[in-house]
Every structure is written in C-alpha cells, then in structure tokens.
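A.B. asks: this one's sequence-less:
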C-alpha cells in the first residue's frame, strides 16, 4: 500500500543558492582555459575536444569537460561536437586579438587576493582585509607591477574616452599629474590627444618602469616625466592644470581621500581640474551591479576602501576645496569620471 | 589641438569575462553570510546594516558591503536602507525554515574541494583530480559523513518523488538495497511509502550512523538494516526486489560502473529493478546547464567520474544484463531517475 506522492508545484527552488555556491568554478574554469591556451587553439578554427587536447597538451577527458563548461557559461560555442570562438572569446581572449584581455586573469586570479575568499566571514566581522598591513595598498606591493602589466588591456579602451573628458576645452601647453599612473595609459592618452601636454607620472618606482615603457611605445616618452614614491608622501612639484586620479580613491577611507585631495588642491594651478576615474554606484549602493559589487573587492583587499557614491565623492572634493564637481559615465565601461575644479 | 575621440559603438564588451573572473566572490559571500548567521538575523524582520552588524557580531562596514552584495546577487532585498528576506532566502537559508539548505555550504564549500580550483589547469592536463588517491571516493573519506549530514536538506525534497518513481507498481513485502545510502533519505522514503519494505543500507560505517539516526527519526528504524563497507567489496546478501543507486555512478568510469552493475544484477530477484538517481545531461553535454556543468565537479574531484548521458547509462545497464531501461525527470530538481529491470 504505497503512499501517493503529491508534488507541491508552487514551491520555490533553491537553484539560485546552488548557483552561487558553485560560482567559484566559473572563475577557475576561465583561468584554467587561459593558462592552457585554449583560446589560442580555438583561433585556429572549430575543433573537437581531441584536437584541442592535443594542441594544449592536455587530457581528452579534461579538455572535453572544460570546453563543455565554457560553452554552458556562454563563453564559446559548441555544435556537432566542434567547439568554436564566440564573438566575445575571439575579441577578448584570443591572444592574437589586439583587444585580448586574457592577462587580467593574472591580476584578478592572483592567489593572495583569492585567499581572502576563505576569510571573508572574518573580514566582515573585522571590517577589514585579512591581508597583512594595509592589504593591497601596502607600500611597494608587487601586485601593482602585475596590475600595470596585466590590467592594461582591460583599461586601454577607457583611456581615450577618459582623456577626451578630462581635456575637454583644455588646449595648448598643459602640465598633467597622473597619480597612481600604473600602466600609464590614461596619462599617455592625454599626451596623445594634446601634443603640448607634459605628463608627470607618479607611482612606485617599479611600477613606473611599466608606464615609461608604454609611454615610449606610444611615442610620447619625451613629454613623460617620472615621480617615484607614495602619493601621500612625495612633493608634487606643481602647479598642474590637470590631475588624473584613476582607480585610486576607492582604496582608502573618506578622511584619507580628503587629505589627499587637499594636498592635490594645493598643487593645482588656478582654474585647474582633477579627474577621478572610479566605480561609482548609485546612492542605493546596489546598482549598477558591477560598480556596486566592487565594494566587496575593496572590503576583501583593503583596510577601509569602498566604492563611493557620487554624493560621497562630491562631499570629499568639496571638503578639499574643489568647486563645480561633475560626473560623467565613460562610454563602453562601468566607470564614471568625476571632475572637480579649482577656483 | 586635442584629437577628437570617436567611440566605436558596435564593439562587443568584455563584461562576461569580468563576470566570470569575479564569480568566485559569489560563493565566498554566500558562505560568509551563512557562517555569520545573517539569514537568521534577517528572519527577525527588515533591518539596516547597523542592526544586522550588531546581531551578527560583525563590523558595520563589512555587514553593509556583504548585504549589498547579496542584494545585487538577487538573494535578498533592500529598500530604503533596510534589508529583508526574499522568498528564496526565507525558505532555504533561514535556519528556522524546515526547508533550510544552508548546511550544504559546509559540503560544497569545503576547503579540500575548493582547493581543486587552484589546480584546475593541471587537472585538465592530467585528466584527473588533484586530490590524493581516488579523490572524493577514497575509502572512508570523511567528507561523506559531512555530506550525509549537510546535504540531506538539499536531497530531502527529491526523496519522496524518487521513492514514488522507484516503487511504482511494486507493492507488498519488498527487500530494498540502498547503495551509498549517505543520509539514507532515499531508502527511508521507500520505507515510508511501502510499509512492508525492508531496507538494507550500504555505506561506510561512519556514514551509516547518520542514515540510521535519520531512519529512527522517521519511524522506520525497525525495517532498516546496516551493511557497512565498500559497494565494490561487500557481499550484498540478495536477492533484492529494488536497489537504489543514488548519486554514485558519476564518481567512476564506465567499466567500473558496469562491473558494479553486474554485481548488482546478480544480487537482484527475477523481475527486480535498479533505480539510479543522477545528473543526466543531454547528448550535447551542454544542456540542461546544471546537469551538464556537474561534469566539471567530477573532473575536479575524482579520477575518472563524469555526468553520463542517458545513452551512456543505458549502454552500461545493458552490458550488465539489465533490460527495459527508462529515464524519468525528478519533479522540482535537476536530477533524473534511470530504471533498469531484471528479466
């Protein structure tokens, strides 16, 4: 006498929870595929798992399962047993593409940063990174050399738009301070768009090697000066007409940001401007998703950084003495440019 | 003379790549929230970050950023600065809900398994887990005790439907072998649906303690016999009218599965049946997403397991001597039941 089973059709499903718990595999699978050079192999044309395994010196079982997984994630296509590039993987993951961003996996997938995943409950308890000292912004932290090398392709598409926004109406000879220059691409874009711009790039000495090489390659090396050290400690040697402060403020708490902005304000020429590139969430702090979610990266990797809203950034700028503070979305990216002016 | 910037509106975006590279944070954030008991605190009613931080003994900065992130992921809601349960988090993550599955994070987020993420390129090269020996199916691996405890809530909704499918038309006294019983819920469901069923539960001795406790709690302990050991080694003591083989074959390669099915076939009564619960991808191996993606978990954690298609499972059953092999989707879940009959 078996009891009949009556399904409850209206019951909600825990599918989202499973999805979130397994999401770590997505990062791992993409990093593994980049390391194995799968996207270069796919650039040779559609291929089955056996020939990809051969090209990448991998096992058949492993390659088949990895490529099926990448297909499920929407990154590549599979048809009749043959895998092939999607528009996304062809443009951004094939090393032969000039827009290839595969190197970002080296920075975003670096073990020290991913280690913070395991300590996230403690990080939330303590309100600060589990990394030693100031976390990612420890002086001379070598990750910024890695950043300068590997994140450049990701930032490159934003450099020209940022340069155009920052330079808007600013022609003729200008002195430009590029704080935390990193790969240098933003200052270089300004130099390319204004042939009379002179750039002073500030960052750790080891990082500036990368920026200088990029400036030389871009043909603006003769207008590119290096200022090694900490943005909080070195003498800026102003006055400047324009300062770039890209992807920097989010590493620090508001009082620290204000003190930096004050120091910067004192180094600007009358009528000068500071252009900040940031992930700027809306005031609800939950949209747009990518900018808002960036707060978690700052929680995990810094002592007191955050993705600040426009209202918060505006208040910092005002406290430091800037006026006419405006925000402008960067085309084709999740970033916003905040500009503050000197009276 | 600034050079005008001309945006290329038609350019595709690397957003998916960023999304995949950052996906590991989703798993970490959910595990941290469970560990901090955020979902119990939300069960008290809508709350702001400060009061949640207090309830969970966490920092304000950490709690605000974590809850914003969970909101961005769609797991909870935020309105006017107050966070509140979604239907999903209320049903499946609040420890006061009978359907709470929060304990699955202990199994799915266990460090040994997540460690395989870092070695995934090598795993793909070698075609097998980076874990020692046979990986997750090493004899007496303690993760299966953890599994039996923590995955039970996730499997519970499938137990009654599986029992109904497996028992269909099978009334009166039946002997049932539950291989790799784990939490025991599937055999227990059969015992509940057929009051004349006698269950023999096979698993590692330590795991069977969990199954036995669940059987006693369900009131079927007097019809619940324990058979400790390896499914490949112990004498089954047939004949059985029904055998359950749930979430087991995917750990092994096809020859191993066939040898187990042959051993099982020999222990079945004439007219008996074997019911296998599995993630069964379509023949394209890329759909449905959850069943197909499960292959990656088997690649990472076993020497030669896989998520097998129906055609592959049917071939294994046939080689072992079974006939009339059928597949049936389990309601409200990503699993399929495969049934093979004995002539």
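C.D. replies: Received, thanks. Fair warning: this is a prediction, and the values are worked out from it, not measured in the lab. Residues are numbered from 1 along each chain as shown, chains lettered A, B, ... in the order given.
A.B. asks: Only C-alpha atoms from now on, for both contacts and neighbour counts.
C.D. replies: Will do.
A.B. asks: Before we go further, residue A:340 is sitting in a helix, right?
C.D. replies: No. Residue A:340: not assigned to a helix; according to DSSP: H, G, I helix; E, B strand; the rest coil it is strand.
A.B. asks: I'd say it and residue A:328 touch.
C.D. replies: No. Judged on Cα atoms under 8 Å, residue A:340 makes no contact with residue A:328 at a distance of 11.7 Å.
A.B. asks: biggest helix in chain A by residues?
C.D. replies: Taking DSSP state H as the criterion, chain A has its longest helix at helix A:152-167.
A.B. asks: Packing partners of it?
C.D. replies: The helices and strands touching helix A:152-167, judged by 3 or more Cα pairs under 8 Å, 6 or more residues apart in numbering or on different chains; DSSP states H and E, are helix A:185-193, strand A:336-341.
A.B. asks: Could you rerun that using 10 Å?
C.D. replies: helix A:104-108, helix A:185-193, strand A:240-246, strand A:268-278, strand A:323-329, strand A:336-341 (3 or more Cα pairs under 10 Å, 6 or more residues apart in numbering or on different chains; DSSP states H and E).
A.B. asks: So for residue A:340 and residue A:328, which residue has more residues nearby?
C.D. replies: Neighbour totals were compared for residue A:340 and residue A:328, and residue A:340 leads with 26 against 13 (other Cα atoms under 10 Å in any protein chain shown).
A.B. asks: which residue sits closest to that one, ignoring its sequence neighbours?
C.D. replies: Excluding the flanking residues, the one nearest residue A:340 by Cα to Cα, 6 or more residues apart in numbering or on different chains is residue A:325, at 4.4 Å.
A.B. asks: Spell out which residues sit in contact with the one you found, please.
C.D. replies: A:273-275, A:310, A:313-315, A:317-318, A:338-342 (Cα atoms under 10 Å, 6 or more residues apart in numbering or on different chains).
A.B. asks: The residue nearest to residue A:328 when sequence neighbours are not counted: neighbouring residues, count only.
C.D. replies: Leaving out its chain neighbours, the residue that sits closest to residue A:328 by Cα to Cα, 6+ apart is residue A:337, at 5.2 Å. Close neighbours of residue A:337, defined as other Cα under 10 Å, add up to 24.
A.B. asks: what residues are up against residue A:337?
C.D. replies: Applying Cα under 10 Å, 6+ apart, we find residue A:337 in contact with A:161-162, A:165-166, A:244-246, A:274-280, A:326-330.
A.B. asks: where does chain A dip in pLDDT?
C.D. replies: Scanning chain A for pLDDT under 70 picks out A:1-11.
A.B. asks: Hmm, residue A:134 is touching residue A:303, no?
C.D. replies: Yes. Counting by Cα atoms under 10 Å, residue A:134 does reach residue A:303; the two are 5.6 Å apart.
A.B. asks: Quick check: the farthest pair among the contacts of residue A:325?
C.D. replies: The most widely separated members of the contacts of residue A:325, counting by Cα to Cα, are A:310 and A:342 (18.4 Å).
A.B. asks: among the contacts of residue A:337, which ones are buried?
C.D. replies: A:161-162, A:165-166, A:244-246, A:274-280, A:327, A:329-330 (16 or more other Cα atoms under 10 Å in any protein chain shown).
A.B. asks: Residue A:303: what's it in contact with?
C.D. replies: Contacts of residue A:303 (Cα under 10 Å, 6+ apart): A:123, A:126-137, A:251-253.
A.B. asks: In ChimeraX, how would I select just the buried ones from those?
C.D. replies: The following ChimeraX line selects those of the contacts of residue A:303 that are buried, judged by 16+ other Cα under 10 Å:
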select /A:123,126,127,128,129,130,131,134,135,136,137,251,252
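A.B. asks: so which of the contacts of residue A:303 also contact chain B?
C.D. replies: A:123, A:126, A:127, A:128, A:129 (Cα under 10 Å from any Cα of the partner chain).
A.B. asks: biggest separation within these, which pair?
C.D. replies: A:126 and A:129 (8.1 Å).
A.B. asks: shared neighbours of those two, which are they?
C.D. replies: Common neighbours of residue A:126 and residue A:129, using Cα under 10 Å, 6+ apart, are A:120, A:303, B:62.
A.B. asks: ok, and the closest non-adjacent residue to the first one?
C.D. replies: It stands for residue A:120. residue B:32 (5.8 Å).
A.B. asks: and residue A:243, what are its bridge partners?
C.D. replies: residue A:177, residue A:274 (DSSP bridges).
A.B. asks: do you know how far it is from chain B?
C.D. replies: Using Cα to the nearest Cα, to the nearest Å, one obtains 17 Å as the distance from residue A:243 to chain B.
A.B. asks: Go ahead and confirm that residue touches residue A:166.
C.D. replies: Yes. If you go by Cα under 10 Å, residue A:243 and residue A:166 touch, sitting 8.9 Å apart.
A.B. asks: shared neighbours of the two, anything?
C.D. replies: Common contact partners of residue A:243 and residue A:166 (Cα under 10 Å, 6+ apart): A:273, A:274, A:275, A:276, A:339.
A.B. asks: Let me see the contact set for the second one.
C.D. replies: So the one you mean is residue A:274. Residues near residue A:274 by Cα under 10 Å, 6+ apart: A:166, A:176-178, A:240-245, A:261, A:264-265, A:268, A:317, A:322, A:325, A:337-342.
A.B. asks: let's go with 6 Å and repeat that
C.D. replies: Under the criterion of Cα atoms under 6 Å, 6 or more residues apart in numbering or on different chains, the neighbours of residue A:274 are A:242, A:243, A:244, A:339, A:340.
A.B. asks: which of these lies closest to residue A:235?
C.D. replies: Ranked by distance to residue A:235 (Cα to Cα), the contacts of residue A:274 are led by residue A:243 at 14.2 Å.
A.B. asks: if we look at stretch A:250-266, which residues are touching it?
C.D. replies: Contacting residues not belonging to stretch A:250-266 are listed as A:249, A:304, A:305, A:306, A:307, A:316, A:320 [Cα under 6 Å, 6+ apart].
A.B. asks: taking those one by one, which sit in helices?
C.D. replies: Counting by DSSP H, these place residue A:316 in helices.
A.B. asks: From the contacts of stretch A:250-266, list the ones also adjacent to chain B.
C.D. replies: Here nothing survives when the contacts of stretch A:250-266 are matched to chain B using Cα under 6 Å from any Cα of the partner chain.
A.B. asks: Residue numbers of chain A in contact with chain B?
C.D. replies: Checking chain A against chain B by Cα under 6 Å from any Cα, the hits are A:1-3, A:20-21, A:23-24, A:26-28, A:32, A:58-59, A:61-63, A:65, A:68-69, A:72, A:117, A:120-121, A:124-127, A:171, A:193-194, A:286, A:293, A:296.
A.B. asks: number of nearby residues for the residue lying closest to residue A:275 once chain neighbours are set aside?
C.D. replies: Leaving aside its chain neighbours, residue A:275 sits nearest to residue A:339 (4.5 Å; criterion: Cα to Cα, 6+ apart). Applying other Cα under 10 Å, we find 24 residues neighbouring residue A:339.
A.B. asks: ok, residue A:339 to residue A:231 distance?
C.D. replies: With the distance defined as Cα to Cα, to the nearest Å, residue A:339 ends up 19 Å from residue A:231.
A.B. asks: Strands of chain A, residue ranges please.
C.D. replies: Per DSSP state E, chain A carries strands over the ranges A:76-79, A:82-85, A:174-179, A:197-203, A:224-228, A:240-246, A:268-278, A:323-329, A:336-341.
A.B. asks: just the angle between the last one and strand A:240-246, please?
C.D. replies: Put simply, strand A:336-341 runs at 150 degrees to strand A:240-246, going by axes from the mean of the first three to the mean of the last three Cα atoms, to 10 degrees.
A.B. asks: Please work out the angle formed by the directions of strand A:336-341 and helix A:152-167.
C.D. replies: On the basis of the same axes, to 10 degrees, strand A:336-341 is oriented at 40 degrees to helix A:152-167.
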